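**Q** No letters, just coordinates:
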C-alpha cells in the first residue's frame, strides 16, 4: 500500500470500516514504537472532541468545500456594501466568520494533518523499504535473513523482506512457495503474510505454498498459528492445513519427511488439485497442460515424485489419479480413461 490508500486506511480507523488485513497493518504500526501509539491516541482524542455525541463518518471533502464556499458567498452578500465598514465591524465580521463557519473545516483539517503526520511516521519507521527476491520458472534460491532464519524459495516465487528486522515482529511477504527454517526468538514472532493468510511462529520449520488466493501449509517441526480473515488454527509437527476462499480446512496429517522435498529435486504435492498440479508441471518442465477431464478440482493428490524425467513424473501422476495422458505437440494432455 502506498500514498492515498495508506491515508484512507488511517482515516477509516476511526469509522470502524477497516478490514482484518488493514487492522493488522495498524497493529504493526502501533507496536513499532511508543511514539506511534501516542500519536494515534492524540488523533483519536481530537476526533472524539471535535463534535459532540456519536462520532460521524468522515465527510465527503468535495461536498464540504462546496458547502463552505456557498456559506462564505452568502455571508459576503449580507455584508453592507454602500457604506464603508468601520474597522471594528470588519474585525468582528471576520472573527465571526472564522468562529462559526470555518470551524468545522478547521477541525477536520487538523485531523487530516495529524493523520498525514501519522502516515509519514508509519512510512519512515514501521514500514522500512523491503527487498525482493524472485525466482523464474525452473529456478530455486536460498537466502539467510538478518535474524539468521533461512528461506528456500521455489520456482516462480517471490519473497519480500526487510534488510534488517526491527520492532517486536519479524514480517515477510510470500507469493509462491517457500520452505522456512526460522531462528528462534521468544520475544519476536516471525510472521509470513500471503494474499489471504498469515502464519505466525517463534522458531520452527515449515513449508508454505500460496498461489491464486489459495494457501497450503505443512509443519515439519515446531508450532505455528495459521489464520485468515475468518478463522485460525494451531499446527504442530506433521500437520498441515489449507486456506481457500477465506475458509480454513481441518488439520491434515502429513509425513514430515516429505515436507519441502522439492529442495531435493523432487515434486512434492499434498492435497493438491489437478489444476494446481498442472501449474507446477508448467513451472518445472516449461510445458503447457490441457485438462480433458470432468470437474478437475475434484482430483486431489498427495505424494512426491522424482524429477528424473517428464515421462516418469506424468506416468506416476496419471496412475495415482487414475487418469491417462498424452503429448500433443508442446502440450501435456490429461484425460479420463474410457
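**A** It's in. For clarity, every value in this text was computed on a predicted model and none was experimentally measured. Numbering: from 1, shown residues only.
**Q** Residue 198 and residue 159, how far apart?
**A** The gap separating residue 198 from residue 159 is 15 Å, by C-beta to C-beta, to the nearest Å. (Each C-beta comes from the backbone N, C-alpha and C, glycine too.)
**Q** Between these two, which is the more surrounded one?
**A** More crowded of residue 198 and residue 159, by other C-beta atoms under 10 Å: residue 159, with 24 against 20.
**Q** Might you report the residue contacts of the more buried one?
**A** 132, 133, 134, 143, 151, 153, 172, 173, 174, 178 (C-beta atoms under 8 Å, 6 or more residues apart in numbering).
**Q** Quick check, pLDDT for it.
**A** Note on residue 159: pLDDT of 97.
**Q** Residue 60 now?
**A** pLDDT for residue 60: 60.
**Q** Next: residue 43.
**A** pLDDT for residue 43: 70.
**Q** How many residues are close by it?
**A** 21.
**Q** Least confident secondary structure element in this protein?
**A** Within the chain, no helix or strand scores below helix 87-96, which has a mean of 47 by mean pLDDT, DSSP states H and E.
**Q** can you tell me which helix or strand residue 192 belongs to?
**A** Residue 192 belongs to strand 190-193 when assigned by DSSP states H and E.
**Q** Summarise which helices and strands that strand is packed against.
**A** With contacts taken as 3 or more C-beta pairs under 8 Å, 6 or more residues apart in numbering; DSSP states H and E, strand 190-193 sits against strand 170-181, strand 198-201.
**Q** go with 10 Å
**A** Contacts defined by 3 or more C-beta pairs under 10 Å, 6 or more residues apart in numbering; DSSP states H and E place strand 190-193 against helix 20-32, strand 170-181, strand 198-201, strand 205-211, strand 223-227.
**Q** And the second one, what's buried?
**A** Residues of strand 170-181 classed as buried: 170, 171, 172, 174, 175, 176, 177, 178, 179, 180, 181 (neighbour count, 16 or more other C-beta atoms under 10 Å).
**Q** In the beta-sheet assignment, what are the partners of the closest residue to the first one other than its chain neighbours?
**A** The shortest distance from residue 170 to any non-neighbouring residue, by C-beta to C-beta, 6 or more residues apart in numbering, is to residue 190 (4.5 Å). Legend: beta-bridge partners of residue 190 under DSSP bridges are residue 170, residue 201.
**Q** Please tell me how far residue 190 sits from residue 208.
**A** Applying C-beta to C-beta, the value for residue 190 to residue 208 is 12 Å.
**Q** Any stretches of the stretch 51-200 of the chain with poor pLDDT?
**A** Of all residues in the stretch 51-200 of the chain, those with pLDDT under 70 make up the ranges 51-128.
**Q** what distance separates the start and the end of stretch 234-243?
**A** The first and last residues of stretch 234-243 sit 13 Å apart, counting by C-alpha to C-alpha, to the nearest Å.
**Q** Name the residues of that stretch that are buried.
**A** 235, 238, 239, 240, 241, 242, 243.
**Q** Including distance to residue 316, could the helices and strands packed on strand 190-193 go into CSV?
**A** Below are these laid out as CSV (distance: least, C-beta to C-beta, whole Å):
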stretch, distance to residue 316
helix 20-32, 39
strand 170-181, 20
strand 198-201, 30
strand 205-211, 19
strand 223-227, 29
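**Q** Quick one: closest of those to residue 317.
**A** Proximity to residue 317 (C-beta to C-beta) singles out strand 205-211 among those, at 16.8 Å.
**Q** mean confidence for that closest one?
**A** Rounded mean pLDDT across strand 205-211 is 95.
**Q** Follow the chain on from that strand and name the next helix or strand.
**A** Sequence-wise, the next helix or strand downstream of strand 205-211 (DSSP H and E) is strand 214-221.
**Q** Make sure residue 244 is actually in contact with residue 212.
**A** Yes - using C-beta atoms under 10 Å, residue 244 makes contact with residue 212 at a distance of 9.2 Å.
**Q** correct me, but residue 337 touches residue 324?
**A** Yes - in this structure residue 337 lies within contact range of residue 324 using C-beta under 10 Å: 5.5 Å.
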